[in-house]
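Novice: fold the stuff below for me.
(one chain, ligands or ions: 1)
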Amino acid sequence: MGTYFNQKDLQTLRELRATLLGMERRPEGEAAKRYWASSRTLELYDRVFAARIGWKWEAVLDEVEQRGGLPAPKTVLDWGTGTGAAARTVLRRLGPKGRPERVVLFDRDEAAREFAARSLRAEFPALTVETTAELPGGPFDLMLASHVLDELSDDEVKPLVGAAAAADHVLWVEPGSMVTSRRLGEQRAALLGSHDVIAPCAHRARCGLMSEGRERDWCHLFARPPAEVHTTGEWSEIRRELRIDLRSLPYSFLALRRAPVQHPAVARLLGRPRFQKGRVLLDLCDAEGVEARPMLKRSDKALFKALKDAAGEVVLMERDGDRLTRRP
Ligand SMILES: C[S@@+](CC[C@H](N)C(=O)[O-])C[C@H]1O[C@@H](n2cnc3c(N)ncnc32)[C@H](O)[C@@H]1O
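Specialist: Sure thing, here's the model as predicted:
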């Protein structure tokens, strides 16, 4: 018996986690399992897994803000809304002045749609919240998608990409695993016909990690969990009982917009810096591709030290020949 969760809840969480993690490895042609077994399953997901997803969204929204932000959307679609965590996190960030008039929550599961709608109405009473099980007509000013790609066959991804292609702005966040991130990379390539890239790439060229010979590489980043993860009993119980490394929050994402983006002449640091004796290897991405670039400790001791704790930070580097400097 845990202090914060009883044994039944913990078992539900363990099984749900195993189901969700297993999605990307299910055999081709096998339909994604339906797992919203009860309202308690939705509550538990929202309290634990959706909270972690929310931290990834915070990191994505930080980066989007750093790259100029989004105009206030009037209409928002959350594709595969689940408990509505992505929509809630984005709306919180937009603040009262930037909030949309209408949010449409699309999910194939009725209990999930209702949970998501209730949670949004409770937090944002002035908002018009609609739910739908049918592919929503659009276009929308902003489309959100979060942790849904693993559940979709290639045919089922098409309507999602279609909705994204019709939206002015797209924020799409997925786990940072190799399979899922590479699949997201394929959707990026498809959407380059209609959209430019705000982030994570500082360019709209082909993804360097999707090129021949890079099949074992993938674009992923790490978000920083909030301090409460290390200080509260509830998260300590979750870490212990579910065996989750709460310090590590790998994710992949796309922030796209229809209008062209002015790309700065910088390279985005991907993954984690790899420290070696007296130097660090940085996976830097720019329009030329992704390259592991060495930086010597003695060339910039302050930057070398800062990179030790760079997870969760957007690090943009400028290259001047062999010299690397951090963009302020
Ligand atoms: C892992 S949950 C993620 C929920 C939420 N977006 C989040 O980030 O917490 C995936 C959601 O996608 C929904 N889903 C899966 N396949 C779908 C489809 N073909 N059409 C609509 N919703 C789908 C599931 O019912 C589930 O609620």
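
Novice: okay, R121 and P96: tell me how far apart.
Specialist: 16 Å (C-beta to C-beta, to the nearest Å). Quick note: C-beta positions are derived from backbone N, CA and C, even for glycine.

Novice: just want to know which of the two has more residues nearby.
Specialist: More neighbours surround R121 than the other of R121 and P96, with 15 against 8 (other C-beta atoms under 10 Å).

Novice: pretty sure R17 contacts L242?
Specialist: Yes - with contacts defined as C-beta atoms under 8 Å, R17 counts as touching L242 at a distance of 6.2 Å.

Novice: residue of the stretch 201-328 of the chain closest to the ligand, please.
Specialist: Y251 (10.8 Å; C-beta to the nearest ligand atom).

Novice: how far away from the center of its chain is the helix or strand hosting that residue?
Specialist: Under the criterion of DSSP states H and E, Y251 resides in strand 249-257. Strand 249-257 sits 4 Å away from the centroid of its parent chain (C-alpha atoms, centre = their mean, to the nearest Å).

Novice: restricting to C-alpha, output the helix or strand just after that strand in PDB.
Specialist: Once strand 249-257 ends, the next helix or strand along the chain (criterion: DSSP H and E) is strand 267-276. Written as PDB, here are the backbone C-alpha positions of strand 267-276 (Å, rounded to 0.1, in the frame of the first residue of the first chain):
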ATOM      1  CA  ALA A 267      22.900  25.400 -34.900                       C
ATOM      2  CA  ARG A 268      20.600  23.700 -32.400                       C
ATOM      3  CA  LEU A 269      22.100  21.400 -29.800                       C
ATOM      4  CA  LEU A 270      20.400  18.100 -29.800                       C
ATOM      5  CA  GLY A 271      20.300  15.300 -27.200                       C
ATOM      6  CA  ARG A 272      22.900  15.600 -24.400                       C
ATOM      7  CA  PRO A 273      26.400  17.000 -24.600                       C
ATOM      8  CA  ARG A 274      28.900  14.100 -24.400                       C
ATOM      9  CA  PHE A 275      31.800  14.900 -22.200                       C
ATOM     10  CA  GLN A 276      35.300  13.500 -22.700                       C
END
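
Novice: what angle separates strand 267-276 from strand 249-257?
Specialist: 160 degrees (axes from the mean of the first three to the mean of the last three C-alpha atoms, to 10 degrees).

Novice: buried ones in strand 267-276?
Specialist: 267-273 (16 or more other C-beta atoms under 10 Å).

Novice: for stretch 286-300, same thing?
Specialist: Per 16+ other C-beta under 10 Å, stretch 286-300 contains these buried residues: 286, 290, 293, 295, 297, 300.

Novice: restrict it to CA atoms and write it as PDB.
Specialist: The C-alpha trace of stretch 286-300 is given here as PDB (Å, rounded to 0.1, in the frame of the first residue of the first chain):
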ATOM      1  CA  ASP A 286      21.700  23.200 -38.900                       C
ATOM      2  CA  ALA A 287      20.600  23.400 -42.600                       C
ATOM      3  CA  GLU A 288      23.800  21.500 -43.500                       C
ATOM      4  CA  GLY A 289      22.800  18.500 -41.400                       C
ATOM      5  CA  VAL A 290      23.600  17.200 -38.000                       C
ATOM      6  CA  GLU A 291      27.200  16.800 -37.000                       C
ATOM      7  CA  ALA A 292      29.000  15.900 -33.700                       C
ATOM      8  CA  ARG A 293      31.300  18.900 -33.100                       C
ATOM      9  CA  PRO A 294      34.100  18.800 -30.500                       C
ATOM     10  CA  MET A 295      34.500  21.800 -28.300                       C
ATOM     11  CA  LEU A 296      37.700  22.100 -26.200                       C
ATOM     12  CA  LYS A 297      37.300  22.900 -22.500                       C
ATOM     13  CA  ARG A 298      40.100  25.500 -22.700                       C
ATOM     14  CA  SER A 299      38.400  27.300 -25.600                       C
ATOM     15  CA  ASP A 300      35.500  28.500 -23.300                       C
END
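
Novice: what lies in contact with that stretch?
Specialist: For stretch 286-300, the surrounding residues in contact (C-beta atoms under 8 Å, 6 or more residues apart in numbering) are 202-205, 208-209, 211, 214, 217, 219, 263, 266-268, 270, 274, 278-284, 303-304, 307, 319, 323-325.

Novice: ok, now stretch 304-317?
Specialist: 59, 62-63, 66, 199, 202, 222-224, 249, 264, 266-269, 272-273, 275, 280, 282, 284, 295, 297, 324-327.

Novice: with stretch 204-223 instead?
Specialist: 55-56, 58-59, 176-178, 181-182, 184-186, 188-189, 192, 196-197, 200-201, 248-253, 261, 263, 270-272, 285, 287-291, 311-312.

Novice: among these, which lie within strands?
Specialist: 196-197, 249-253, 270-272, 285, 289-291 (DSSP state E).
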